[in-house]
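> My questions concern the predicted model and sequence given below.
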Amino acid sequence: MSTIQWFGIGVLVLFVAIVVLFIRRALMARVSGTIKLNVRLSTLVDGRGWSAGFGRFVGDELRWYRMFSFALRPKRVLSRRGLAVESRRSPRGQERLALPADWVILRCTSHHAPVEIAMAESTVTGFSSWLEASLPGGDSSRLAA
């Protein structure tokens, strides 16, 4: 095989991979209860570590999937039972480059570890409603003002 044929095969494989990513995203986004949601995976450098993705509400879980991943399983799962919003703020510093201006950053505590999530201001209301709609007798003081 010549170099041009190998190059063509490489371009074809890259094209197929990109198409698979977009099909995966489209299929997952069609399911109701899906929101755009960024999660901060690393806090080593201030303002960095944000990863784009989307979340799906499935019962008592918020399942977060990376935007550009071939994985069919969620990267993170947040259980409503142990989740509480500690604080909310607007993006600042370098975060303004990674997140849209109308997004809100929520610092949440859970049974496992603290987690920061970012979503559109309009989505926060739905997230808060989902979080408050726990089973009867659940903790109603989980949202910060």
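Received the coordinates, thanks. Residues are numbered from 1 along each chain as shown.
> give the contact list for residue 50.
38-41, 95, 98-99, 118 (CB atoms under 8 Å, 6 or more residues apart in numbering). Bear in mind the C-beta positions are built from the backbone N, C-alpha and C, glycine included.
> contact partners of stretch 70-77?
So stretch 70-77 is in contact with 17, 20-21, 24, 39, 51, 53, 56, 61-66, 69, 115, going by CB under 8 Å, 6+ apart.
> Got a PyMOL select line for the buried ones in those?
Here is the PyMOL command that selects the buried residues among the contacts of stretch 70-77 (16 or more other CB atoms under 10 Å):
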select buried, resi 24+39+51+53+56+61+62+63+64+65+66+115
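> what helix or strand is residue 5 on?
Applying DSSP states H and E as the criterion places residue 5 in helix 3-30.
> domain assignment for the chain?
1-30, 32-132 (automatic domain parsing).
> any weak-confidence spans in this protein?
Counting by pLDDT under 70, the chain shows low-confidence ranges at 29, 32, 44, 47, 134-145.
> In it, mark out all the strands, start to finish.
34-36, 38-40, 50-51, 53-58, 61-66, 76-79, 84-89, 103-109, 115-120 (DSSP state E).
> in its sheet, what does the longest one sit against?
For strand 103-109, the paired strands and their directions (DSSP bridges) read strand 84-89 (antiparallel), strand 115-120 (antiparallel).
> what angle separates that strand from strand 61-66?
Here strand 103-109 runs at 120 degrees with respect to strand 61-66, directions being taken by axes from the mean of the first three to the mean of the last three CA atoms, to 10 degrees.
> Can I get strand 103-109 as PDB, trimmed to CA atoms?
Extracted in PDB, the C-alpha atoms of strand 103-109 (Å, rounded to 0.1, in the frame of the first residue of the first chain):
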ATOM      1  CA  TRP A 103     -23.900  29.700  33.600                       C
ATOM      2  CA  VAL A 104     -23.800  29.200  37.400                       C
ATOM      3  CA  ILE A 105     -21.300  27.100  39.300                       C
ATOM      4  CA  LEU A 106     -22.700  25.000  42.100                       C
ATOM      5  CA  ARG A 107     -20.400  23.600  44.800                       C
ATOM      6  CA  CYS A 108     -22.100  20.500  46.000                       C
ATOM      7  CA  THR A 109     -21.300  18.100  48.800                       C
END
